[in-house]
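[1] generate coordinates for the sequence data below:
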Amino acid sequence: MTIRLRPHHLLCVLAYVGKGYSARFTANYDLVVQRIAEGEDIVIVGGPDDICAPLLGDAEPHCWRESVIERDRAAARDLSTLLGTPIDAGVSLSLESGRLKRMRAAFAERSIRGACAGCEWQEMCNAIAASGFVDVVLPTSRE
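    Numbering: from 1, shown residues only. This next block holds a predicted model:
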């Protein structure tokens, strides 16, 4: 199988520590991150993805809001520059150790965090990056 991720979630998984909108959301997120850690490929999607899935049954899921779509645009722009490859719908990639290290270093330096402006999780992610990503669920390398 392939994991479907929207561009800004490529940033979110870097600092994910097991917290989320609800227990159901977090349980799903844990499974998605486990699949990434196991080396499953990712395909970029334009809109709600595998992480969003538990929220899509809500009356007005925020996953479709213009602000979230703009986060995707900003993340795609920053990550395309960093990785030297387009981060557009349909593109496949893996988050192997070297790529994760590069992304986390840029995340900590805030050079790929344009999508994070105004995010409710921003302060938590700042602290996680400042700590050196010690409590994150997604390991930088596979054991």
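[2] where's the residue nearest to residue 83 when sequence neighbours are not counted, which helix or strand?
    Closest residue to residue 83 apart from its sequence neighbours, by Cβ to Cβ, 6 or more residues apart in numbering: residue 99 at 7.0 Å. Backbone N, C-alpha and C define where each C-beta goes, glycine included. Using DSSP states H and E, residue 99 sits in helix 97-108.
[3] packing partners of that helix?
    helix 7-12, helix 66-83, helix 122-130 (3 or more Cβ pairs under 8 Å, 6 or more residues apart in numbering; DSSP states H and E).
[4] one step back: the residue nearest to residue 83 touches residue 84, doesn't it?
    No. Taking Cβ atoms under 8 Å as the definition, residue 99 is not a contact partner of residue 84, at 10.8 Å.
[5] looking at these two now, which is surrounded by more residues?
    More crowded of residue 99 and residue 84, by other Cβ atoms under 10 Å: residue 99, with 15 against 7.
[6] how much space between that one and residue 23?
    Residue 99 is 30 Å from residue 23, where distance means Cβ to Cβ, to the nearest Å.
[7] ditto for residue 39
    Taking Cβ to Cβ, one finds residue 39 at 27 Å from residue 23.
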